[in-house]
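A.B. asks: just coords:
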């Protein structure tokens with residue numbers, strides 16, 4: 001189907017519908033045509049132009065991609081940004097030590113001179129987006145094969161990006177939508193001087209920890225504060241002491257008026273990935289192959305991390321961010337599998353695919369265009385499933401050891417050192433790269449913890465992959481130690497020069513190529529190299545081939561579905577580009593005779609503390625404020641300190657930190673999670689069960705002002721009372 005026909009069909013379908021709100025991640029520049037009327041009908045009191053405009057300041061000028069996978073919002077004229085505590089956790093942890101434990105005690109810069117720089121952290125601000133489908137697909141014949149099509153698409157995209165960034169300081173990329181039926185150009189400013197301003201202690205910012213993660217009710221003060229700095233011309237600049245706070249075109253006003261059930265809400269952010277068009281075979285790969293392996297492997301690692309973190313305060317600081325990242329995926333995948341089973345997603349998709357098959361056979365034209373799609377999908381997934389299984393075992397178990405992964409990254413260095421044609425300068429350049437990686441890695445590494453992980457996860461890998469691929473060095477070690485993987489791990493670690501930091505650094509700083517060449521015999525490198533060689537020679541080629549096939553199949557499948565289902569509303573899957581989702585504040589019913597209210601209060605924090613669970617620790621000052629009822633101007637109309645709330649906005653990974661706005665475009669919350677019963681929404685959205693979880697902005701302000709005593713930050717903000 002040609003692009004004009006596809007777009008006309010898309011617009012016609014959506015404009016003809018008025019469905020219940022909640023599901024959908026919408027392109028901001030199309031809101032006027034596709035969503036504005038429905039949003040106003042639901043209670044929105046502004047216009048699409050107020051959300052996204054290239055002619056005047058709008059909300060999109062206050063939403064940033066924070067780092068590489070979260071969202072943040074600008075809340076002052078001086079570039080102050082809010083995001084989640086868990087999004088800023090890596091930076092908070094990097095600044096923490098036993099002497100300055102910002103994880104435990106929190107951090108608050110009481111003036112701009114105290115704000116902390118974060119090398120490597122950036123925020124991305126969209127200047128404009130543009131539909132470039134016609135330009136991307138230019139000069140591609142209808143009958144072009146996939147390789148020719150991909151080559152021309154890549155060439156056209158390069159030209160579009162070159163034109164968009166010529167003679168300016170912008171950065172740009174082009175993203176496909178609907179599996180390549182539509183393409184958009186995104187032109188951005190990328191700010192690289194981003195400083196830490198404030199963060200509550202983990203007992204607030206991570207209250208509930210793994211116990212409450214992905215759960216409702218929640219009471220987590222999940223926020224952190226950063227500031228964007230720019231050059232004297234207000235443009236992006238590398239870190240420099242004389243940089244100045246960025247002056248944004250727009251910043252969000254903050255409402256102290258709260259919300260009630262049924263109120264309109266809007267989430268603006270960078271959702272990462274959804275897969276609503278997956279076939280039944282694809283869902284089986286996710287739920288029956290990938291998720292079970294990853295869940296089990298991560299649980300093993302988490303247990304080891306937790307044991308060592310309890311025993312050693314230094315390890316707790318070193319592994320807090322790592323633990324949080326592992327646990328987030330682990331618990332999400334458990335909920336996702338449960339939700340898909342509850343919704344009977346696979347059976348429903350199989351039934352829909354039968355209907356699709358009958359539709360494709362209804363006339364000769366449809367049969368010729370789409371008749372082979374489902375058999376072709378089935379054929380691809382027959383090889384894609386086993387390759388996914390192998391990839392998951394290697395990533396989550398075989399290469400779970402941190403020092404093992406470090407060893408695996410030495411391949412480029414060893415290659416140039418052993419190449420007689422390469423000069424010493426190139427060897428030294430690669431050695432410096434390895435040294436820089438190692439020094440950064442060592443700060444947050446504990447040998448005893450990693451040795452336990454190595455032994456436990458190699459055993460899990462061996463049991464799961466025994467019939468597929470076991471590296472020769474691993475087989476030899478298992479035989480030598482008679483199946484004792486802990487003893488094997490100990491020998492591997494002890495025998496590796498990487499476990500002796502000073503000696504390893506000496507080798508990397510040496511001008512002696514022979515010393516570097518000897519790294520090829522290091523036991524950890526040998527094992528990592530065998531695993532990676534198998535992965536890149538036997539697994540990755542299959543995945544790449546199958547992913548190319550799937551992309552082309554899904555592109556045609558989406559086109560066909562739109563023809564088949566003129567009664568269904570279609571939106572593009574998330575792909576880490578700026579999106580709007582809107583819904584309403586709402587409660588839900590997770591199971592028979594159980595109802596969850598749409599908000600929580602500080603009282604619930606005190607109730608959880610009484611349970612004496614590790615994740616429920618309450619700072620003494622917070623308890624004092626609670627007992628005194630000292631909430632300042634931040635209490636709700638009921639006199640209580642509201643902490644979190646839920647709504648029916650369709651969110652996913654990447655929406656962490658997204659602004660949650662009311663009908664007047666005022667900030668009422670910070671999105672940070674989904675409910676566990678709704679984590680399958682990346683594949684199958686259930687309007688009765690899917691809820692996004694947000695921090696009440698009033699609790700955030702209360703912590704900044706009354707708990708931290710950082711009222712100077714409140715003074716920067718535009719409060720609506």
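C.D. replies: Perfect, I can see it now. Here the structure is a predicted model, which is why all the values come from computation and not from measurement.

A.B. asks: can you name the element that comes right after the longest helix anywhere in the chain?
C.D. replies: Looking across the chain with DSSP state H, the single longest helix is helix 313-343. Using DSSP states H and E, the helix or strand that follows helix 313-343 in sequence is helix 345-360.

A.B. asks: and the helix or strand following that following helix, what's its mean pLDDT?
C.D. replies: Using DSSP H and E, the next helix or strand after helix 345-360 towards the C-terminus is helix 364-370. Average pLDDT, helix 364-370: 96.

A.B. asks: who are the packing partners of helix 364-370?
C.D. replies: On a contact count with 3 or more C-beta pairs under 8 Å, 6 or more residues apart in numbering; DSSP states H and E, helix 364-370 meets helix 345-360, helix 540-564. Using the backbone N, CA and C atoms, a C-beta is placed for each residue, glycine as well.

A.B. asks: next, the angle from the longest one to helix 345-360.
C.D. replies: Following axes from the mean of the first three to the mean of the last three C-alpha atoms, to 10 degrees, one obtains 60 degrees for the angle between helix 540-564 and helix 345-360.

A.B. asks: tell me which residues touch residue 212, please.
C.D. replies: 218-220, 615 (C-beta atoms under 8 Å, 6 or more residues apart in numbering).

A.B. asks: among the residues you listed, which ones are in strands?
C.D. replies: Of the contacts of residue 212, none are assigned to strands by DSSP state E.

A.B. asks: stretch 62-78: which residues count as buried?
C.D. replies: 62-67, 70-76, 78 (16 or more other C-beta atoms under 10 Å).

A.B. asks: next one: stretch 573-591
C.D. replies: Neighbour-count burial for stretch 573-591 flags 573-586, 588 (criterion: 16+ other C-beta under 10 Å).

A.B. asks: swap in stretch 614-622?
C.D. replies: 615-619, 622.

A.B. asks: give me the contacts around it.
C.D. replies: Residues contacting stretch 614-622 (C-beta under 8 Å, 6+ apart): 201, 203-204, 206-212, 602, 605-606, 608-609, 707.

A.B. asks: pLDDT on that stretch, on average?
C.D. replies: On average, stretch 614-622 scores 95.

A.B. asks: equivalent analysis for stretch 583-591, please.
C.D. replies: In this model, stretch 583-591 has an average pLDDT of 94.

A.B. asks: likewise stretch 128-144?
C.D. replies: For stretch 128-144, the per-residue pLDDT averages 94.

A.B. asks: so how far is it from its chain's centroid?
C.D. replies: Distance of stretch 128-144 from its chain centroid, counting by C-alpha atoms, centre = their mean, to the nearest Å, is 29 Å.

A.B. asks: ends of that stretch, what's the gap?
C.D. replies: Length of stretch 128-144, first residue to last, C-alpha to C-alpha, to the nearest Å: 31 Å.

A.B. asks: just curious, which of the buried residues of stretch 62-78 is nearest to residue 52?
C.D. replies: Using C-beta to C-beta, residue 63 comes nearest to residue 52 of the buried residues of stretch 62-78, at 9.9 Å.

A.B. asks: let me see the ranges of the strands in the stretch 501-650 of the chain.
C.D. replies: Under the criterion DSSP state E, counting those that start in this stretch, the stretch 501-650 of the chain contains strands at 579-584, 588-591, 594-596, 599-601, 642-647.
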